[in-house]
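Asker: Sequence first, predicted coordinates after that:
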Amino acid sequence: MPRFFAMTSRGLVDVLADELKEIGMERVLKAPGGCFFDTNWAGCYRANLRLRTATRVVLPVLDFPAYKPDELYHNIRKHDFTKYIAADASMAVDAVVRDCGAFKDQRFVAMKVKDAIVDQFREEFDVRPDVDAKDPHLRLVVRGIANNFAVSVDTTGEPLFKRGYRTGVVPAHLKEHVAAALVRMSGWKMDAPIIDPMCGSGTILIEAALMALNVAPGTLRKRFAFQRFSGFKADEWENELDAALAEEKEELPFKFQGFDVDREAIKIARDNARRAGVEDFVEFQRQAFETLDAPVEKGLMITNPPYGERLLEKNEAIEVYKNLAFLLKQKFKGWEAFVLSGDPELSKAMKLKAARKFPVYNGTIECRLLKYEMF
Ligand SMILES: C[S@@+](CC[C@H](N)C(=O)[O-])C[C@H]1O[C@@H](n2cnc3c(N)ncnc32)[C@H](O)[C@@H]1O
């Protein structure tokens, strides 16, 4: 059985490991940047279709040390890449290289890997694949760290967080897989609605609604890289897709609620929800959170307030955090709140003791998801 690797952002490896086990993947092993797992190709299709917290699924094929260009070239030739695509198809190599002595330029590494693969095709078929960096049939991911090279075949294509429902974004929006991870980290049992008082483009609530409705995020996409491989089994893919669609729910016993002061953000959030097919289950309203009342006695709030550096000046952001703490204490007694903070100075201004803290990276910003129990 092949061993695949699901990639994700820093801080999300634990939730990704849980997800992989839930969808039936075997021998799940956490590693920096993601998780290894065993499955067959139908399982790889399923992982791409269903994973909410991964960015990409790859098939690691080679792992070797190399100090000279020739060593790199000959090691690449040890794997037969001609089995993935036809000789007249297209390919691309993405290389990232760190501390690799003579290999300082990642473009050089990418070119050497490409040359080795092109030569394989030429020797076997007299024809070579073209290079197409934008939309190749086969994309290889090469990582060289301290002269150890790992080569993987990308099975995903466009990253998995690009679900396809976004029409627009607000500044400092969350990527979809990060929003889905926040919802999972909250321990939400899908039995009650979630409120996001600073919802921006609505990502947290849209991801939560997709989860509650059991919509596999990949059903919203048009294409995956594996569909263009020579060995693609269309019938197995159809089975995976049909099974996922059959598990979708039509109704929910509650509605999610999102608020934002920004009129444009609310418009974008509504458009996104419509495109994700969850508009009947999420209500977005323009309202400053300072004026909110708790709609039920006990509930769950998940939110991502503005960051000082990207949206507002720091002092304004501090006011937002202080007001959020005031709101939680005054109006949301009995609730649990999860706040994604990108700056300890901001969360400190809340003067509330967090029951738990989870490290999460939103792009390059190191954040904390802070859990507050208001009881
Ligand atoms: C970091 S963004 C949220 C991004 C969102 N999670 C997403 O993925 O699109 C913070 C949002 O808080 C909103 N906001 C700031 N002050 C607010 C207030 N007093 N009441 C409601 N929303 C507010 C901003 O308009 C902004 O859209």
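Answerer: Done, it's in.
Asker: Would you mind giving the secondary structure of whichever residue of the stretch 51-200 of the chain sits closest to the ligand?
Answerer: Of all residues in the stretch 51-200 of the chain, the one sitting closest to the ligand is Gly200 (2.7 Å; CB to the nearest ligand atom). Every residue, glycine included, has its C-beta placed from N, CA and C. Classification of Gly200 by DSSP: H, G, I helix; E, B strand; the rest coil places it in coil.
Asker: The closest residue to it other than its chain neighbours: neighbouring residues, count only.
Answerer: What sits nearest to Gly200 in space, not counting adjacent residues and going by CB to CB, 6 or more residues apart in numbering, is Val170, at 4.2 Å. Other residues lying near Val170 total 21 when counted by other CB atoms under 10 Å.
Asker: ok, now how distant is Val170 from Phe358?
Answerer: 23 Å (CB to CB, to the nearest Å).
Asker: Enumerate every residue touching Thr167.
Answerer: Going by CB atoms under 8 Å, 6 or more residues apart in numbering, Thr167 touches Ile268, Asp271, Asn272, Arg275.
Asker: Look up phi and psi at it.
Answerer: In terms of degrees, to the nearest 10, the main-chain angles of Thr167 are phi -100, psi -30.
Asker: ditto for the one 10 residues further on
Answerer: Backbone torsions for His177, taken as degrees, to the nearest 10, come to phi -70, psi -30.
Asker: Now do the contacts for it.
Answerer: Per CB under 8 Å, 6+ apart, neighbours of His177: Thr8, Ser9, Leu12, Arg52, Thr53, Ala54, Thr55, Leu160, Phe161.
Asker: let's see 10 Å
Answerer: By CB atoms under 10 Å, 6 or more residues apart in numbering, His177 lies in contact with 7-9, 12, 15-16, 51-56, 159-163, 203, 207, 217.
Asker: what does the stretch 101-250 of the chain put close to the ligand?
Answerer: By CB under 6 Å from any ligand atom, the part of the stretch 101-250 of the chain that sits against the ligand consists of Val170, Ala172, His173, Leu174, Pro197, Met198, Gly200, Ser201, Thr203, Ile204.
Asker: okay if I get those residues as JSON lines plus pLDDT and distance to Met211?
Answerer: Shown next, in JSON lines, are these (pLDDT from 0 to 100; distance: CB to CB, whole Å):
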{"residue": "Val170", "pLDDT": "84", "distance to Met211": "22"}
{"residue": "Ala172", "pLDDT": "84", "distance to Met211": "23"}
{"residue": "His173", "pLDDT": "90", "distance to Met211": "19"}
{"residue": "Leu174", "pLDDT": "94", "distance to Met211": "15"}
{"residue": "Pro197", "pLDDT": "98", "distance to Met211": "20"}
{"residue": "Met198", "pLDDT": "98", "distance to Met211": "20"}
{"residue": "Gly200", "pLDDT": "97", "distance to Met211": "19"}
{"residue": "Ser201", "pLDDT": "96", "distance to Met211": "17"}
{"residue": "Thr203", "pLDDT": "97", "distance to Met211": "13"}
{"residue": "Ile204", "pLDDT": "98", "distance to Met211": "11"}
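Asker: Where helices are concerned, which of those count?
Answerer: Using DSSP state H, the members of those that fall in helices are Thr203, Ile204.
Asker: out of the residues of the stretch 101-250 of the chain next to the ligand, who's nearest His74?
Answerer: Set against His74, the nearest of those by CB to CB is Leu174 (43.8 Å).
Asker: List the contacts of Gly101.
Answerer: Ala66, Tyr67, Lys68, Gly144, Ala146, Asn147.
Asker: Just to be sure, Glu124 is in a helix?
Answerer: Yes. Per three-state DSSP, Glu124 lies within a helix segment.
Asker: if we can go back for a sec, top of the contacts of Thr167 by neighbour count?
Answerer: Counting neighbours by other CB under 10 Å, Asn272 leads the contacts of Thr167 with 26 neighbours.
Asker: now that residue: how far from the ligand?
Answerer: According to CB to the nearest ligand atom, to the nearest Å, Asn272 and the ligand sit 9 Å apart.
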